[in-house]
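Peer 1: Sharing a sequence plus its predicted fold:
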Amino acid sequence: SLKNISIPSSISQIDKFTFAGCKSLTIISIPNNVTEINEGAFSRCSSLKSILIPYTITEIHDNTFYGCSSLESIIIPNGI
């Protein structure tokens with residue numbers, strides 16, 4: 001039943017499958033400290049509608065948004 005999450009600024013990477021299957025998750029706030037989003041981190045988050053990737057991200061691994069059937073937009077800065 002997790003609907004939104006604000007990742008703490010102390011986190012530098014989002015581990016594999018951290019939020020996988022959080023079907024009610026609609027809002028994610030990723031701080032600028034995060035540099036890497038690992039495999040399947042948000043997979044099967046079927047209510048996720050949009051996400052803004054901060055400019056500090058240097059790697060987005062496979063299947064990060066797999067099965068996010070409601071995803072309408074991903075804003076990714078140039079260079080990723």
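Peer 2: That came through fine. Numbering: from 1, shown residues only.

Peer 1: Near residue 47, how many residues? Count them for me, please.
Peer 2: The tally of other residues near residue 47 (other Cβ atoms under 10 Å) stands at 15. Heads up, the C-betas are built off the backbone N, CA and C, glycines and all.

Peer 1: What score does it have for pLDDT?
Peer 2: Among the per-residue scores, residue 47 shows a pLDDT of 96.

Peer 1: now residue 31
Peer 2: Residue 31 is assigned a predicted lDDT (pLDDT) of 91.

Peer 1: quick one: it from residue 14, how far?
Peer 2: 11 Å (Cβ to Cβ, to the nearest Å).

Peer 1: Neighbour count: those two, which is higher?
Peer 2: When residue 31 is set against residue 14 and neighbours are counted by other Cβ under 10 Å, the residue ahead is residue 14, at 22 against 14.

Peer 1: need the contact list for that one.
Peer 2: Neighbouring residues of residue 14 by Cβ atoms under 8 Å, 6 or more residues apart in numbering: 7, 30, 34, 36-38, 41.

Peer 1: Beta-bridge partners for it, please?
Peer 2: Using DSSP bridges, the beta-bridge partners of residue 14 come out as residue 37.

Peer 1: if I look at it, how far off is residue 80?
Peer 2: In this structure, residue 14 lies at 14 Å from residue 80, with Cβ to Cβ as the measure.
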